[in-house]
Structure formats: structure tokens, C-alpha cells
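Trainee: Okay, sequence plus prediction incoming.
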Amino acid sequence: MPDFPHGLQGGRQNRLRAAAGARDEKLQPKGVLKRGDRKYLITDHVRLRHGTTDEVAVVRWIFQSFLRLKSETPIAAELNRKAIPTNSGRRWGRALFNRILRNENHVGNLVYNRLSRKLGEKKITNSPDLWVRSEGCVDPIIEMDVFLKAKKLLGECRVQVAEEEMLARLRRTLMKERRISPALINDTVGLPSTASYRKHFGNLRNVYRLIGYTSKCSCE
């Protein structure tokens, strides 16, 4: 396992943010927008940038380590051992790694229309051919060839897991954690995603029934 760059003990997962905040019509900064904030005037502009130096360093370390180790498991273990926090406050897991390694923000692109929802209907995931991509909108923090290599490796790492093995892994997680939830499934390295369980078994409530678990909370 490679060493972290100096000073990453307090780092966080990088996220694209409106950290430069709203700017007036003369492009002079007016302040920093926090989560949930909105600009007040139609003439204001919001300029996006990546997170702190430590956050960016964590993302770069993740890409470098993934290309070297070709596995997310030791990377997640090291991040959790170092107590490097995530945005959500949960432990590092497979679902979060997939989002980071596939996030085009890191190479300077913004991608829209991944999801859509018509009035009165449920939110749906759009196919990639419907996505709207704006390239070069922010400064890249990952070189394009590194990003493409990681994306290719992610595809090669995907293997089909038999349904019996999917349930066996979930039973082992239940024995260890004494509970099961959608968030826990997605955050646990080695477990298929909740989307995979739904695809194979219909819904999570049916999955829970098959492993002998009863949830008092919503399964979806």
C-alpha cells in the first residue's frame, strides 16, 4: 500500500462545489455558496471549482492506487484505517469508489440529464445517449489518460456473481453487522449493489426474506 501524501489525515472526498460562490455582473466575488444556497439575482454568476487541496489529493491518490492495485478493497481499508472522512460521514465503500472513478468532473467535464422526472411520475435514470456533456468547464485534477485507464479497469473488474453467492455474501454481512440496509449494502466492499440485487430478485424486501431478515424500515 502506497503512503498518503503528507497532510491527508484531515482530507475529505473531493466534490465539485460552488466554492468560488456568487459573482456580480462585474465578476467580483460576493461570497461562498454553501450546500442548499442559491444565488439571489439573475445577473449573478456561480463559478464552480474543486474542493480543498487535501480533498483533491485524496482523489488523485485513489486513482493512482486503483491503477496500481486493481482493487478497491485495500484502498477502502486504508482510507477507513486513516479515518479519512467522506462527504456523507459513512465509511468508504464500493459504491462511493465507483462514483469517484467515473465522475467526469475530475477531468473538467460537467454532465447533465443523467436523471429526469415528469410531473407526477417517478424519477428515472436516462441512458448515456441522452446525457448532456459540457467539456472543459472546470480545471481538471485527473489526466484524461489516467481517467480512461481507471474506467476501463472498472469494466474489467466486473464479474458475474451467482445468485446463491450474492445471498451468501449478504448473510455474512448480516451476521457481522446484525442489520442490513440499502446504504450498508452499497457501502460494503465485496457486496453487489442494491441495483444488482433488485435486478436478480425483484426487490430488496424479497432479498431480505431469502436471507431470513425482517426490516422495520423501508427497503427502498
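Mentor: Cool, the structure landed. In this text, all values refer to a predicted model and were calculated from it rather than measured experimentally. Residues are numbered from 1 along each chain as shown.
Trainee: for the longest helix anywhere in the chain, packing partners?
Mentor: When the chain is scanned for its longest helix (criterion: DSSP state H), the result is helix 53-69. Helices and strands touching helix 53-69, by 3 or more CB pairs under 8 Å, 6 or more residues apart in numbering; DSSP states H and E, are helix 73-81, helix 94-102, helix 144-157. For every residue, glycine as well, the C-beta is placed using N, CA and C.
Trainee: could you redo these as TSV and give each row mean pLDDT, distance to Cys137 and mean neighbour count?
Mentor: Listed next are the helices and strands packed on helix 53-69 as TSV, based on pLDDT from 0 to 100; distance: least, CB to CB, whole Å; neighbours: other CB atoms under 10 Å:
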stretch	mean pLDDT	distance to Cys137	mean neighbour count
helix 73-81	87	28	16
helix 94-102	85	17	18
helix 144-157	87	15	13
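Trainee: Using TSV, lay out those together with distance to Met166.
Mentor: Compiled in TSV, those are given as follows (distance: least, CB to CB, whole Å):
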stretch	distance to Met166
helix 73-81	17
helix 94-102	14
helix 144-157	17
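Trainee: when you compare where the longest helix of the chain runs with where helix 73-81 runs, what's the angle?
Mentor: 150 degrees (axes from the mean of the first three to the mean of the last three CA atoms, to 10 degrees).
Trainee: Can I get helix 53-69 in CSV, CA atoms only?
Mentor: Output of helix 53-69 as CSV, limited to C-alpha atoms (Å, rounded to 0.1, in the frame of the first residue of the first chain):
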residue,chain,number,x,y,z
THR,A,53,-6.1,20.8,-1.6
ASP,A,54,-6.5,17.8,0.8
GLU,A,55,-9.7,16.7,-1.0
VAL,A,56,-8.1,16.8,-4.4
ALA,A,57,-5.0,14.9,-3.1
VAL,A,58,-7.3,12.1,-1.8
VAL,A,59,-8.9,11.7,-5.2
ARG,A,60,-5.6,11.6,-7.0
TRP,A,61,-4.3,9.0,-4.5
ILE,A,62,-7.4,6.9,-5.1
PHE,A,63,-6.9,6.9,-8.9
GLN,A,64,-3.2,6.1,-8.6
SER,A,65,-3.8,3.4,-6.1
PHE,A,66,-6.6,1.8,-8.1
LEU,A,67,-4.5,1.6,-11.3
ARG,A,68,-1.7,0.1,-9.3
LEU,A,69,-3.6,-2.4,-7.1
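Trainee: So for that helix, what gets flagged as buried?
Mentor: Asp54, Glu55, Val56, Ala57, Val58, Val59, Arg60, Trp61, Ile62, Phe63, Ser65, Phe66 (16 or more other CB atoms under 10 Å).
Trainee: Where does pLDDT dip in this structure?
Mentor: 1-29, 157-159, 218-220 (pLDDT under 70).
Trainee: tell me the domain ranges of the protein?
Mentor: 8-16+51-156, 163-210 (automatic domain parsing).
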